[in-house]
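Asker: Quick one, structure for this:
(one chain, ligands or ions: 2)
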Amino acid sequence: MSGGILIAPSILSADLGHLAREIAEVEAAGADWVHVDVVDGRFAPHLTFGPATVQAARRATKLPIDVHLMVNEPERYLDVFARAGADGLTVHEEACLDLGRALAKIRSLGKRAGVALKPETPVETLQPYVGALDLVLMLCVSPGQGGQAFQESQLPKIVATRKMIDQSGHPIDLEVDGGVSAENAARIAAAGGRVLVSGSKIFDTPDRGAAIRALRQAAAAGLTATRP
Ligand code: DX5
Ligand code: ZN
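Answerer: Ligands and ions are numbered 1, 2, ... in the order given. The predicted structure is shown next:
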């Protein structure tokens, strides 16, 4: 049971020589989704994965594959990542030619439509799109690299996004990505985050089960603290 919190390990920090085994291990350890960070070297100064990696992840697990596209003009790649086996496609608001059209296209492909915001992008940007969204991803670090520190300044933005989602009445997931740890998961959950992405804190430790449990327990404590 997730207790309302979902854990999405990011394979950016996995041992890529043993990707299928790494994914099987986090699945067995209780992960809810598998998060794949795609970076094009233009939207952010790094290069990571393409559709072939999504395909490999798809073969390795039954869990939903949550693809975070940190690429310019993601519209050009939606078909190929959908075909590769993504369950959800998340595009950056800052990177789209036309966000509304990108979201409609993702849904037309039968996938869950997500929007990600960089730390400096205001949440109000999303207001016109709430009816077209299945997920909002709050990026709490600079895009592209694992192992960075969580930007505490993002907590009020998570609160504001939670409020926007609740007021909209739409069943939109609020995902928090970057620097998530057992030390800050309670505050993130209390602020309204429900899907926690974690790369280094899960894959840089030999006991993935313990890392996932620690995140889940900390987040659950944050949720309990906010319940009346
Ligand atoms: C950052 C990525 C994250 C990253 C998280 O650009 O979107 O998904 O892999 O890694 P950690 O948990 O190590 O900050
Ligand atoms: Zn990500």
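
Asker: Return stretch 103-120 as PDB; C-alpha atoms alone will do.
Answerer: C-alpha atoms of stretch 103-120 as PDB (Å, rounded to 0.1, in the frame of the first residue of the first chain):
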ATOM      1  CA  LEU A 103      -0.800  17.700 -24.200                       C
ATOM      2  CA  ALA A 104      -3.700  16.900 -26.600                       C
ATOM      3  CA  LYS A 105      -1.300  14.900 -28.700                       C
ATOM      4  CA  ILE A 106      -0.100  12.900 -25.700                       C
ATOM      5  CA  ARG A 107      -3.700  12.000 -24.700                       C
ATOM      6  CA  SER A 108      -4.500  11.100 -28.300                       C
ATOM      7  CA  LEU A 109      -1.700   8.600 -28.100                       C
ATOM      8  CA  GLY A 110      -3.500   7.000 -25.100                       C
ATOM      9  CA  LYS A 111      -0.800   8.200 -22.700                       C
ATOM     10  CA  ARG A 112      -1.000  10.300 -19.500                       C
ATOM     11  CA  ALA A 113      -0.200  13.900 -20.200                       C
ATOM     12  CA  GLY A 114       2.200  15.600 -17.800                       C
ATOM     13  CA  VAL A 115       3.800  19.100 -17.600                       C
ATOM     14  CA  ALA A 116       7.000  19.800 -15.900                       C
ATOM     15  CA  LEU A 117       8.200  23.200 -14.600                       C
ATOM     16  CA  LYS A 118      11.700  24.300 -13.900                       C
ATOM     17  CA  PRO A 119      12.300  25.800 -10.500                       C
ATOM     18  CA  GLU A 120      12.100  29.400 -11.800                       C
END
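
Asker: which of the residues in it are buried?
Answerer: 103, 105-106, 111-118 (16 or more other Cβ atoms under 10 Å). Yep, even glycine has a C-beta here, placed from its N, CA and C like the rest.

Asker: would you say residue 66 is within a strand?
Answerer: Yes - counting by DSSP: H, G, I helix; E, B strand; the rest coil, residue 66 is located in a strand.

Asker: tell me the pLDDT at the closest residue to residue 117 other than its chain neighbours?
Answerer: Once flanking residues are discounted, residue 117 sits nearest to residue 93: 5.7 Å by Cβ to Cβ, 6 or more residues apart in numbering. At residue 93, the pLDDT value in this model is 98.

Asker: can you offset everything so residue one is 846?
Answerer: Yes, from this point I'll number from 846; that puts the last item at residue 938.

Asker: Just give me the closest of the buried residues of stretch 948-965 to ligand 1.
Answerer: Proximity of those to ligand 1 (Cβ to the nearest ligand atom) peaks at residue 961, which lies at 8.0 Å.

Asker: The closest one is in what secondary structure piece?
Answerer: Following DSSP states H and E, one finds residue 961 within strand 957-962.

Asker: ok, that strand: who's next to it in the sheet?
Answerer: strand 933-937 (parallel), strand 980-984 (parallel) (DSSP bridges).

Asker: one step back: who touches the residue nearest to residue 962 in this structure?
Answerer: 944, 960-962, 966, 970-971 (Cβ atoms under 8 Å, 6 or more residues apart in numbering).

Asker: And for residue 971?
Answerer: 938, 960, 962, 978, 981, 1006, 1009.
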